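In: Dropping the sequence and predicted coords here.
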Amino acid sequence: MKKIPLYHLNTGSCNGCDIEFLAVARNQWNDYQFEIVPLEKAKVIVVTGVLSQKSKPLALKALKKTKAKILALGSCANSTGIFAGGYPVTGPLDKYIKPHWYLAGCPPKPELILEAILKLTNQKANFPQPEIPPNFRGRLEYKPELCIRCLNCLRVCPAQAIQAQKTKSGLKLSFYYDRCVFCGLCQESCPTQAIRLTQDYKMIEKSRKKFKTEGLAKFSSRRS
Ligand code: SF4
Ligand code: SF4
């Protein structure tokens, strides 16, 4: 089987995404073959991290001259995640270079990383669906009909992943997966179970604007 040449560029991550990527790249659990190669030989460059002031010059120099496909892996590469606004942070990556795919997750599951790499190299993903641990926290489900508009969720979110907008008919809440670190605090703080983190880990998009769940909690539906 021909090996898929990969390059891994850490631009300032906590190593969570790097560990999951390595589980894929080192073929620890799948039948696909990968090899880590020098940048110029790579077909896919996997970028992790916030893009720090220190990593930016070399990272952008490398990415600007490559013809390889770029994968933004995890909340930090997507949006700088929980580190947004930190003094060494100059990202996210797409301020400077647009990746081909974004993967949400903190970190994304290896199965999703594998699927993304296969997509980027035009190969069919052919592996069994993984078993998801019972307490896994994935895509958010929001039920506006249960929401009492207390805004607890927005106050506790450490990643500024929730936005609220008052409209004439209610409160519009938006949850952004490109920022979310899947900590579950919004679910814990919600008094009405209007928010739930599901086991859906398949958050992969070409545009990060699509990483969104939102709904309108109508003023008429429940009293706050
Ligand atoms: S799980 Fe909820 S509280 Fe935690 S980062 Fe995501 S939106 Fe914010
Ligand atoms: S989703 Fe829950 S925590 Fe957030 S505003 Fe609605 S009721 Fe409050």
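Out: Sure thing, it's come through. Every value quoted in this text rests on a predicted model; they were computed, and no experiment measured them. Residues are numbered from 1 along each chain as shown. Ligands and ions are numbered 1, 2, ... in the order given.

In: which residue is nearest the middle of this structure?
Out: The centre of the chain sits closest to residue 104, judged by Cα atoms, centre = their mean, with a distance of 1.6 Å.

In: ok, now which ones touch that residue?
Out: 74, 75, 78, 177, 178, 180, 203, 204, 205, 211 (Cβ atoms under 8 Å, 6 or more residues apart in numbering). In this view, the C-beta of every residue, glycine as well, is placed from N, C-alpha and C.

In: now, among those, which is nearest to ligand 1?
Out: Using Cβ to the nearest ligand atom, residue 180 comes nearest to ligand 1 of those, at 3.4 Å.

In: Number of residues surrounding the residue nearest to that closest one when sequence neighbours are not counted?
Out: Take residue 180 and drop its neighbours on the chain: the residue closest to it by Cβ to Cβ, 6 or more residues apart in numbering is residue 161, 4.1 Å away. By the criterion of other Cβ atoms under 10 Å, residue 161 has 26 neighbours.

In: Equivalent analysis for residue 57, please.
Out: Residue 57, neighbours per other Cβ under 10 Å, totals 9.

In: Tell me the buried residues in the helix or strand hosting it?
Out: Assessed by DSSP states H and E, residue 57 sits inside helix 56-65. Buried positions in helix 56-65, judged by neighbour count with 16 or more other Cβ atoms under 10 Å: 56, 59, 60, 62, 63.

In: Same question for stretch 146-159.
Out: Neighbour-count burial for stretch 146-159 flags 146, 147, 148, 149, 150, 152, 153, 154, 157, 159 (criterion: 16+ other Cβ under 10 Å).

In: what does stretch 189-202 give?
Out: 189, 190, 194, 195, 196, 197, 201.

In: Which ones among these map onto helices?
Out: Under the assignment DSSP state H, those contribute residue 189 to helices.

In: Dump the buried residues of stretch 189-202 to a markdown table, plus pLDDT and distance to ligand 1.
Out: Output for the buried residues of stretch 189-202, formatted as a markdown table (pLDDT from 0 to 100; distance: Cβ to the nearest ligand atom, whole Å):
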| residue | pLDDT | distance to ligand 1 |
| --- | --- | --- |
| 189 | 98 | 8 |
| 190 | 98 | 9 |
| 194 | 98 | 12 |
| 195 | 97 | 7 |
| 196 | 96 | 10 |
| 197 | 97 | 6 |
| 201 | 95 | 13 |
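
In: May I have the residues that are in contact with residue 172?
Out: By Cβ under 8 Å, 6+ apart, residue 172 lies in contact with 164, 165, 166, 214, 215, 216, 217.
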